[in-house]
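K.L.:
Generate a structure from the sequence data that follows.
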Amino acid sequence: MSTEGSDTSSDNDDGIFQGDWALANSILLMRDGLLFLEACSAVASGDIGRVWEVLKILTFAGAGNSNYTSYLLEMFCKIHYELPKSTRDALFNNWLVNLAGKPGHFLPLDLMQEHFNPWLEELAQHKGKEFDDEWYREVLSMHVYDFLRLKEEMENIVEIKPRTKRHAEPHLDNELREAMRIFREHDLHRHHRGRDLDFQTADSRIKGVSILRDAKIADFLQTSMHWRENLDATVQLDFDHVAEGETYRCQPIHYSNGTRRIPTPTTEHKIIRCYFREIMNRLSPREPFNIDSLPSQYEVSEYTRTNGECCDIDDFKPDLRGKVGSDWNQSIIRVFVSGYLESGWCNENDEDRIALHAENHLNYLIKRFDIKMQTPVYQQALARKRARDERKRLLLLQQLTAAEMSPDLACHIPMLEKLGVNGMSSDEEDQFRGVRHYRVLPKRWRAPNLSPWLRVFDAAYRKERLGPFGQSPGAMPRIRTSTAAQTAGAVAKVVRGLPENAYNRTFLESLTPFERRRLRVSEGNYWFEHASQLWILSQECGGDVIPELG
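P.N.:
Below is the predicted model of the structure:
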């Protein structure tokens with residue numbers, strides 16, 4: 001590189017830049033490019049010694065790659081000071097691999113694994129298997145390259161032309177000509193004193209050496225010595241500790257002066273999990289979820305925040321099929337926080353913190369339920385629950401239709417609407433002598449006189465369906481038979497705000513004052529009666545087989 005004569009007469013006053021940043025940038029680029037090309041050539045030829053010599057030039061330290069710098073420092077110390085020769089040879093012999101067996105086809109072992117990962121997913125047919133699964137470890141990962149080669153051999157057998165695995169490289173002639181023009185225009189590769197094009201490249205090698213000398217080496221040695229001291233240190237305990245399985249689902253164990261420090265069973269997050277199980281009627285974390293305690297898809301889809309809260313703490317129904325952020329489950333969180341604070345279980349009164357713990361646990365329950373739902377048992381239970389919910393909605397709709405068509409029953413429409421779907425008796429499908437019928441499960445909280453009162457609406461609907469000629473325009477209403485059994489867990493789904501005589505007296509007497517307040521019993525009694533001709537109509541359906549029994 002020569003110097004122009006015009007530049008030799010430049011003034012040499014102190015403080016004026018005498019160098020050439022553009023030329024310096026170009027020199028640094030070519031130097032780093034040569035190192036990169038040397039590394040690529042060494043890898044392709046399988047010369048691990050040359051690769052190691054390039055890696056020892058710690059340019060990572062000056063380029064901001066602190067993790068790579070720490071890794072290389074640790075590896076350098078291990079290879080030169082710690083590891084025996086056999087281990088060093090084993091490391092060097094396993095960094096590069098040549099599957100093709102051809103010169104110039106070596107590649108790093110970790111890069112080979114990255115290339116194989118998409119094929120592992122493809123060969124596993126995306127069945128959601130884990131990478132530590134036995135099928136992955138013993139079959140696929142051991143022979144993935146052979147599987148790919150087998151596919152090519154099968155194509156050759158049927159004389160299919162081998163497909164190239166390389167894309168055509170676009171020519172760079174135009175870019176090269178433009179770069180050469182710019183180099184000539186700026187006379188880039190000759191020194192021009194004081195030239196600065198507003199871009200200054202840092203010398204990563206010099207900067208890296210400076211960083212290593214100033215702090216990085218000292219920090220690395222301090223960290224290494226700290227690890228070494230931990231390896232040599234022994235903790236003397238005055239007891240034999242056997243960790244329980246529950247311990248590993250909590251925070252980590254800490255030791256201080258021979259004393260074990262672990263979270264006690266009274267930590268807030270654990271109390272919240274226990275309270276979740278309490279209000280969901282689950283005795284243990286391993287107990288199956290009760291499908292009947294979950295909201296139906298219809299309830300979730302119809303719910304809006306303007307309707308108030310979706311439930312209360314005594315009728316706690318989280319939507320485990322949805323997301324934590326849904327309107328329904330956000331209402332569930334608010335209900336949980338309110339009930340938790342009033343229950344006396346809590347150790348703290350921070351609503352935001354309690355809500356955060358509740359959201360985390362609800363998200364955990366949703367994931368567990370999603371796994372459980374993949375089993376046939378839960379699928380069948382869910383199908384039965386959906387069918388029961390649909391029959392209850394249909395029953396209420398039929399009773400409202402009968403009330404709208406009869407002037408004597410129209411006055412009871414507001415009470416039917418207040419009873420709602422949860423006020424209707426559930427049932428279970430059964431077969432008797434080849435005939436499908438449904439065994440009624442009365443509500444334990446409901447007064448006994450409500451069943452015959454609702455039966456009148458069923459009889460009126462049946463009569464309206466038959467018409468004057470005794471023919472139904474469609475399928476006849478299903479047959480429901482009375483039973484002494486009661487709905488399991490019916491207390492959790494009690495309809496609130498009804499008159500006192502709508503509730504079973506024994507049920508009311510069993511409530512605590514707090515539960516009685518939550519029930520919000522209306523003052524006064526309701527007239528659960530009908531005209532005499534309607535009672536006669538209901539009795540004409542008589543016997544134990546009662547169509548659409550309420």
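
K.L.:
residue ranges of the strands in this protein, please?
P.N.:
Taking DSSP state E as the criterion, the chain carries its strands at 96-97, 107-108, 254-256, 259-261, 426-432, 435-441, 479-481, 545-547.

K.L.:
The ones you listed: lowest mean pLDDT?
P.N.:
Lowest mean pLDDT within the strands of the chain: strand 545-547, a mean of 38.

K.L.:
where exactly do the helices run in the stretch 251-400 of the chain?
P.N.:
Secondary structure of the stretch 251-400 of the chain (DSSP state H, counting those that start in this stretch): helices at 268-279, 297-302, 327-343, 351-372, 376-405.

K.L.:
of those, which approaches Asp20 most closely?
P.N.:
Ranking these by proximity to Asp20 (C-beta to C-beta) places helix 351-372 first, at 59.3 Å. C-betas here are computed from N, CA, C, even on glycine.

K.L.:
Please enumerate residues in contact with that closest one?
P.N.:
For helix 351-372, contacts defined as C-beta atoms under 8 Å, 6 or more residues apart in numbering pick out 268-269, 272-273, 276, 288-289, 318, 320-324, 329, 332-334, 336-337, 340-341, 346, 348, 378.

K.L.:
quick check: domain ranges of the chain?
P.N.:
268-374, 389-547 (automatic domain parsing).

K.L.:
Columns mean neighbour count and distance to Arg149 on top of those domains, output as CSV?
P.N.:
Putting the domains of the chain into CSV (neighbours: other C-beta atoms under 10 Å; distance: least, C-beta to C-beta, whole Å) gives the following:
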stretch, mean neighbour count, distance to Arg149
domain 268-374, 16, 36
domain 389-547, 16, 56
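
K.L.:
wait, which of those is closest to Gln18?
P.N.:
Of these, nearest to Gln18 by C-beta to C-beta is domain 268-374, at 62.0 Å.

K.L.:
and the domains of the chain, which one is worst for confidence?
P.N.:
domain 389-547 has the lowest average pLDDT among these, namely a mean of 74.

K.L.:
Is Leu441 in contact with Ser451, as I believe?
P.N.:
No - look at Leu441 against Ser451 with C-beta atoms under 8 Å: they stay out of range, at 11.5 Å.

K.L.:
Can you pull the residues that touch both of the two?
P.N.:
Ser425.

K.L.:
Identify each buried residue in stretch 95-113, please.
P.N.:
Residues of stretch 95-113 classed as buried by neighbour count (16 or more other C-beta atoms under 10 Å): Leu96, Val97, Phe106, Leu107, Met112.

K.L.:
Skip the chain neighbours and tell me the closest residue to the first one.
P.N.:
When the adjacent residues along the chain are set aside, Leu96 lies closest to Phe106, with 4.7 Å between them (C-beta to C-beta, 6 or more residues apart in numbering).

K.L.:
Am I right that that neighbour is in contact with Val97?
P.N.:
Yes - with contacts counted by C-beta under 8 Å, Phe106 reaches Val97, the gap being 6.8 Å.

K.L.:
picking that back up, quick one: closest of the helices of the stretch 251-400 of the chain to Ala22.
P.N.:
With C-beta to C-beta, the closest approach to Ala22 among those belongs to helix 351-372: 56.1 Å.

K.L.:
and the closest one with helix 327-343, angle?
P.N.:
120 degrees (axes from the mean of the first three to the mean of the last three C-alpha atoms, to 10 degrees).

K.L.:
Great, nothing more from me.
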